[in-house]
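Student: 3D, please:
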Amino acid sequence: MLYRPAYWPEGVRLIDLVNMKVPAEVQQERYNICKACDQFIKLTNQCKRCNCFLGLKTWFARVRCPLEKWEAYDG
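Tutor: I've put the predicted structure just below:
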């Protein structure tokens, strides 16, 4: 069985995430929230909580922050 993090939407494949991007303004707002968080690893641009690379994760519409600092984007 594949590991599915809690923030990953049920029934969504990786290719679905790549095809559902947020507008640039939303991505930048999310990324700024992440950079201000105490769980942000500046050296690698990763989150200590979910281990995601935030420069990439913040573009995906259907994911959310595991710390509930931002939600999935519905458009």
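Student: so in this structure, where's the weakest helix or strand by average pLDDT?
Tutor: In the chain, the helix or strand scored least confidently by mean pLDDT, DSSP states H and E is helix 14-19, which has a mean of 67.
Student: do a quick rundown of the helices in this protein.
Tutor: In the chain, the segments counted as helices under DSSP state H are 14-19, 24-36, 54-57.
Student: how about the longest one as PDB, C-alpha atoms only?
Tutor: Extracted in PDB, the C-alpha atoms of helix 24-36 (Å, rounded to 0.1, in the frame of the first residue of the first chain):
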ATOM      1  CA  ALA A  24       0.200  32.800  -9.100                       C
ATOM      2  CA  GLU A  25      -1.100  35.200  -6.400                       C
ATOM      3  CA  VAL A  26      -2.500  32.300  -4.400                       C
ATOM      4  CA  GLN A  27       0.700  30.400  -4.700                       C
ATOM      5  CA  GLN A  28       2.700  33.400  -3.500                       C
ATOM      6  CA  GLU A  29       0.400  34.000  -0.600                       C
ATOM      7  CA  ARG A  30       0.700  30.300   0.500                       C
ATOM      8  CA  TYR A  31       4.500  30.400   0.100                       C
ATOM      9  CA  ASN A  32       4.800  33.600   2.200                       C
ATOM     10  CA  ILE A  33       2.800  31.900   5.000                       C
ATOM     11  CA  CYS A  34       5.100  28.900   4.800                       C
ATOM     12  CA  LYS A  35       8.200  31.000   4.900                       C
ATOM     13  CA  ALA A  36       7.000  32.800   8.000                       C
END
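Student: tell me the buried residues in that helix?
Tutor: Across helix 24-36, burial judged by 16 or more other CB atoms under 10 Å covers 26, 27, 30, 31, 33, 34. C-betas here are computed from N, CA, C, even on glycine.
Student: okay, the second one: pLDDT?
Tutor: Right, residue 27. If you check residue 27, the pLDDT there is 97.
Student: what number of residues lie near residue 40?
Tutor: Neighbours of residue 40 under the rule other CB atoms under 10 Å: 17.
Student: check contacts around it.
Tutor: Neighbour list for residue 40: 34, 46, 47, 48, 54 [criterion: CB atoms under 8 Å, 6 or more residues apart in numbering].
Student: can you select the buried ones from those in ChimeraX?
Tutor: Command for ChimeraX that selects the buried part of the contacts of residue 40, burial taken from 16+ other CB under 10 Å:
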select :34,46,47,54
